[in-house]
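> A predicted structure for the sequence below; I have some questions about it.
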Amino acid sequence: MPGEECVSEHLRAEWTKLRTLAGVGWLLFAVVVLTVAVSVVASAVVSCASAGCGYDPARISLFGVQVSQAVVAVLAVLAITGEYDTGMIRLTLAAMPCRTGVLAAKAIILVGLTLIVGSVAVFASVLATWRILLDNGFPAETLVLSGGPMLRAAVGSVLYLALIALFSLGVATAVRDSATAVGVVLGLLYLFPALILVIADDGWRRFLWQVSPMNAGLAIQVTTDLAGLPLSPWAGLGVLAAWAVAALLGGGLLLRMRDA
């Protein structure tokens, strides 16, 4: 069918452009290395006494996601701004006039790639930290990946990285400049946690936590003291999804309205 051929053409074109983009291989490699390395370091410096401890084993074993998300953001930004920097975006939109289709194809390819690399990074991180956490006193039953909270934390972390990619793609489509887009994305991700630390009012701190893309999104990793969370793990991930949808809708609207 013509519609299916159009979609397939969009996807092939965007896959070709993304895989040939300079530095993509290194960025993907960095996602895996940073996730595992930072998680291993975090696991090595904490211990759990026999009487119990205040550390969440899932968050410790997946701590590297908080660092590697910045690399995912850079990758997503470059997926669109690289074309603006080189002027290739004019050729892209001339060959494929359906601008929302172009953005949708970029989003699909980017999410697929992030899910694959994110899965490798997250599950390698869990495996690499399992023995360390066990030796540091964490109960074996809290580290089981075959089901329950730890599996939810791992799968949710992969989805978290994919949503970060979509959020970053939307912002980059709106601002069209690499440095500005990276600054906006990282600012929104890391500014809210900083504000929460310096604001004394509990009501405002709770509100900022609930609307923070990073704090709310990473609630998916929490496996202990769930009652103390301002949002449930899946609701928190839903907040990040809302940020991603809003960014993509805004970026898509501006892409349709503006000249290339």
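Thanks, I have the structure now. Numbers count the residues shown, from 1 in each chain.
> give me every residue that touches Leu115.
158, 162 (C-beta atoms under 8 Å, 6 or more residues apart in numbering). (Each C-beta comes from the backbone N, C-alpha and C, glycine too.)
> Verify the contact between Asp56 and Ile220 for me.
No. Using C-beta atoms under 8 Å, Asp56 makes no contact with Ile220, being 11.9 Å away.
> Can you point out the buried residues in the strand or helix carrying Val36?
Element membership for Val36, per DSSP states H and E: helix 24-44. For helix 24-44, the buried set under the neighbour-count rule, 16 or more other C-beta atoms under 10 Å, comprises 24, 27-28, 30-40, 42-43.
> before we move on, back to that, looking at Asp56 and Ile220 now, which is surrounded by more residues?
More crowded of Asp56 and Ile220, by other C-beta atoms under 10 Å: Ile220, with 28 against 19.
> Can you classify Leu21 as helix, strand or coil?
coil (DSSP: H, G, I helix; E, B strand; the rest coil).
> Also Thr16?
helix.
> burial of it, as a residue count?
Quick note: Thr16 (other C-beta under 10 Å) scores 11 neighbours.
> Name the nearest residue to the residue positioned nearest the centre of the chain, sequence neighbours excluded.
Centroid check for the chain by C-alpha atoms, centre = their mean gives Leu161 as the closest residue, at 2.3 Å. Using C-beta to C-beta, 6 or more residues apart in numbering and skipping residues adjacent in sequence, the residue nearest Leu161 is Gly118, 4.0 Å away.
> burial measure for the one you found, as a count.
27.
> In terms of helices and strands, where is it?
Per DSSP H and E: helix 99-135 holds Gly118.
> Let me know the angle separating that helix from helix 24-44.
Here helix 99-135 points in a direction 30 degrees away from that of helix 24-44 (axes from the mean of the first three to the mean of the last three C-alpha atoms, to 10 degrees).
> Show the average pLDDT along helix 99-135.
Averaging pLDDT along helix 99-135 yields 92.
> Tell me how far the closest residue to Ala219 other than its chain neighbours lies from Ser212.
In this structure, Ala219 finds its nearest non-sequential neighbour in Gly236, 3.1 Å apart by C-beta to C-beta, 6+ apart. Plainly put, Gly236 is 9 Å away from Ser212 if you go by C-beta to C-beta, to the nearest Å.
> same question, Pro149
Taking C-beta to C-beta, one finds Pro149 at 22 Å from Ser212.
> So for the two, which residue has more residues nearby?
Ser212 (25 against 18).
> check which helix or strand covers the closest residue to that one other than its chain neighbours.
Leaving aside its sequence neighbours, Ser212 sits nearest to Phe192 (C-beta to C-beta, 6+ apart; 3.4 Å). Per DSSP H and E, Phe192 falls inside helix 178-198.
> by contact count, what packs against that helix?
helix 65-86, helix 149-175, helix 202-211, helix 213-217 (3 or more C-beta pairs under 8 Å, 6 or more residues apart in numbering; DSSP states H and E).
> and the angle for it with helix 149-175?
Going by the same axes, to 10 degrees, helix 178-198 makes 130 degrees with helix 149-175.
> Sweet, I'm off.
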